[in-house]
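K.L.:
model this:
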Amino acid sequence: MEAAEKLLLENRPLSQLSTHLIHMLSTENQEVWEESMQCLSLLVPAVWRRRL
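P.N.:
Numbers count the residues shown, from 1 in each chain. Below is the predicted model:
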């Protein structure tokens, strides 16, 4: 398996989670929006660290 394919497979759960969190940002509920934003702010740096 090529390195790029392996990386995509390893990061798939994180990508799926971020997709759900992004969808939750469109909510009218401020608490849900804040929690989603906080989760995304933690998730994005974690994904970049895995790529290095």
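K.L.:
what residue ranges in the protein score low on pLDDT?
P.N.:
Scanning the chain with the threshold set as pLDDT under 70 gives 1, 46-52.
K.L.:
Kindly recompute the last result at 90.
P.N.:
1-15, 18, 42-52 (pLDDT under 90).
K.L.:
What helix or strand is the residue minimising distance to the centre of it located in?
P.N.:
Residue closest to the average C-alpha location in the chain (CA atoms, centre = their mean): residue 18, at 2.7 Å. Element membership of residue 18, judged by DSSP states H and E, is helix 3-24.
K.L.:
roughly how far out does that helix sit from the chain middle?
P.N.:
Its chain's C-alpha centre and that of helix 3-24 lie 6 Å apart, by CA atoms, centre = their mean, to the nearest Å.
K.L.:
Mind giving me the packing neighbours of the helix or strand just after it?
P.N.:
For helix 3-24, the following helix or strand on the C-terminal side (DSSP H and E) is helix 30-51. Helix 30-51 sits against helix 3-24, with contacts defined as 3 or more CB pairs under 8 Å, 6 or more residues apart in numbering; DSSP states H and E. C-beta here means a position set from N, CA and C on the backbone, and glycine is covered the same way.
K.L.:
Enumerate every residue touching residue 22.
P.N.:
36, 40 (CB atoms under 8 Å, 6 or more residues apart in numbering).
K.L.:
What of the one 10 residues further on?
P.N.:
Under the criterion of CB under 8 Å, 6+ apart, the contact partners of residue 32 comprise residue 24.
K.L.:
re the thing from before, ok, and the closest non-adjacent residue to the residue nearest to the centre of the chain?
P.N.:
Leaving out its chain neighbours, the residue that sits closest to residue 18 by CB to CB, 6 or more residues apart in numbering is residue 43, at 5.7 Å.
K.L.:
What is the burial count for the one you found?
P.N.:
Residue 43: 15 surrounding residues under other CB atoms under 10 Å.
K.L.:
Hmm, it is touching residue 19, no?
P.N.:
No - in this structure residue 43 lies outside contact range of residue 19 using CB atoms under 8 Å: 10.9 Å.
K.L.:
where's the residue nearest to residue 18 relative to residue 28, distance?
P.N.:
Distance of residue 43 to residue 28, given as CB to CB, to the nearest Å: 23 Å.
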